[in-house]
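K.L.:
Coordinates for the following, if possible.
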Amino acid sequence: MKKIKLPTTPEGAIKSRARNLPLGNCYINSDWKESKLATIFVTRKHINGNITFACYEVDLNCLGLKDSFYQFNYPKYSFIELLEQQDIELVPADYKLVHNIIFSAICFAEEYGFKPHKSFIISKYILEDDDDFIDYEDIECGMDGKPVIFSSSSEPNLAIIKKLEETAGNGNFIVYYVNDEKDESDDDDFDHLFEDDDINSWGTDDYIDFFKGKKEISLITTKTIVDNFYRIRYPAETVEYSENTPQCKEIDSLELVDYQEGGNTDNLSENENKILSQCMKEIMDDNNIDVKKYESIVEKYPENMYFYYILYMAYYIENNTDKALETIEKAITKFPNDL
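P.N.:
Below you'll find the model as predicted:
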């Protein structure tokens with residue numbers, strides 16, 4: 001008798017079984033048309049009452065599918081609780097609409113070199129195939145056919161702008177510079193998340209605490225620190241983006257003298273400089289992070305503290321906190337005068 005091999009992981013089950021399950025309810029944030037940013041939930045129904053679902057974070061402005069996550073055979077009551085925990089207003093949506101939103105955003109982004117998040121390798125199987133069986137619906141992407149990027153002092157998106165210059169060409173994309181300074185009169189419930197994220201007054205001890213995981217700061221601030229280190233390391237490459245924007249001028253004025261004194265890279269080889277430049281660009285683009293590559297680089301260049309920082313950031317972004325702290329502690333021990 002022939003043995004049937006069943007999937008042993010949720011990913012395997014989704015790839016082999018999800019599209020055989022009937023579609024269930026779909027949900028989307030109510031303001032997706034205005035913001036062109038969509039949070040979409042698509043469900044599939046099991047006969048036991050559970051559901052398989054995926055959530056898709058979609059940017060119709062430029063970047064396409066920024067992220068997704070999924071669950072297989074998930075209790076329905078837990079899914080309802082998950083929806084209720086979202087800090088956005090979700091409304092029911094027709095599957096045809098959300099399907100066209102997701103794939104329109106992906107196609108638009110791919111025209112400019114932005115690939116869907118790596119999780120889409122699995123989460124795409126919760127969607128129907130993008131073929132002629134799904135009625136096409138025109139979804140507006142960008143503005144007047146041009147990709148749109150929002151840049152601020154906390155998230156200047158320099159790598160994205162540079163890629164757009166290469167793929168779309170100057171004048172063929174739109175950058176909005178947003179003033180994200182905290183308004184003291186703003187009563188937004190989320191203001192407290194940013195009150196302790198002011199890095200203008202940070203000194204060496206603050207950065208050490210940050211590297212050790214003792215400072216609780218937002219991911220946006222973490223990426224700002226990466227951008228600032230990149231700015232210090234490669235001022236010539238970033239000046240063309242920053243010199244005409246008050247937000248970026250404000251970043252340029254950050255008091256990072258303590259770190260600059262220890263961060264001299266004049267003694268690096270030409271090859272190390274080239275590798276470092278590429279790694280920094282990858283860290284700023286979450287889709288291109290390769291932890292194993294950074295591990296091998298650290299092993300090859302154990303005297304280069306910058307590669308330890310690259311590896312730390314890669315672990316941090318991949319949510320591997322233990323390895324991140326282990327890496328930065330090694331760097332602090334090995335380069336006590338540079339941190």
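
K.L.:
doesn't Glu34 fall inside a helix?
P.N.:
Yes: the secondary structure assignment for Glu34 places it in a helix, going by DSSP: H, G, I helix; E, B strand; the rest coil.

K.L.:
dump the residue contacts of it.
P.N.:
The neighbourhood of Glu34, defined by Cβ atoms under 8 Å, 6 or more residues apart in numbering, contains no residues. No exception for glycine: its C-beta is placed from N, CA and C like everyone else's.

K.L.:
Now do it against Ser123, distance only.
P.N.:
25 Å (Cβ to Cβ, to the nearest Å).

K.L.:
and what of Ile51?
P.N.:
14 Å.

K.L.:
And those two? Which one has more around it.
P.N.:
In this comparison of Ile51 against Ser123, neighbours counted by other Cβ atoms under 10 Å, the higher total goes to Ser123 at 25 against 22.

K.L.:
Surely that one is in contact with Ala54?
P.N.:
Yes: here Ser123 reaches Ala54: they are 4.2 Å apart, a contact under Cβ atoms under 8 Å.

K.L.:
what touches both of the two?
P.N.:
With the criterion set as Cβ under 8 Å, 6+ apart, the overlap between the contacts of Ser123 and Ala54 is Ser68, Phe69, Tyr70.

K.L.:
So the second one lies in a helix, does it not?
P.N.:
No: counting by three-state DSSP, Phe69 is located in no helix; its state is strand.

K.L.:
which residues touch it?
P.N.:
Ala54, Cys55, Ser119, Ser123.

K.L.:
partner residues bridging the first one?
P.N.:
The one in question is Ala54. Counting by DSSP bridges, Ala54 is bridged to Val42, Tyr70.

K.L.:
Which neighbours in the sheet does the one helix or strand Phe150 maps to have, and how are they oriented?
P.N.:
Counting by DSSP states H and E, the element that carries Phe150 is strand 148-152. The pairing partners recorded for strand 148-152 under DSSP bridges are strand 174-178 (parallel).

K.L.:
buried set for the partner strand?
P.N.:
Of the residues in strand 174-178, those buried by neighbour count under the rule 16 or more other Cβ atoms under 10 Å are Ile174, Val175, Tyr177.

K.L.:
residue contacts, the residue nearest to the first one when sequence neighbours are not counted?
P.N.:
On the basis of Cβ to Cβ, 6 or more residues apart in numbering, the spatially nearest residue to Ile174 that is not a chain neighbour turns out to be Val148, at 4.7 Å. Under the criterion of Cβ under 8 Å, 6+ apart, the contact partners of Val148 comprise Lys36, Asn61, Cys62, Gly142, Phe173, Ile174, Val175, Tyr176.

K.L.:
Ok, Lys146 next?
P.N.:
Taking Cβ under 8 Å, 6+ apart as the definition of contact, the neighbours of Lys146 are Ala168, Asn172, Phe173, Ile174.

K.L.:
how would you label the closest residue to Asn50 other than its chain neighbours: helix, strand or coil?
P.N.:
Leaving aside its sequence neighbours, Asn50 sits nearest to Asn73 (Cβ to Cβ, 6+ apart; 4.9 Å). Secondary structure of Asn73, reduced to three states by three-state DSSP: strand.
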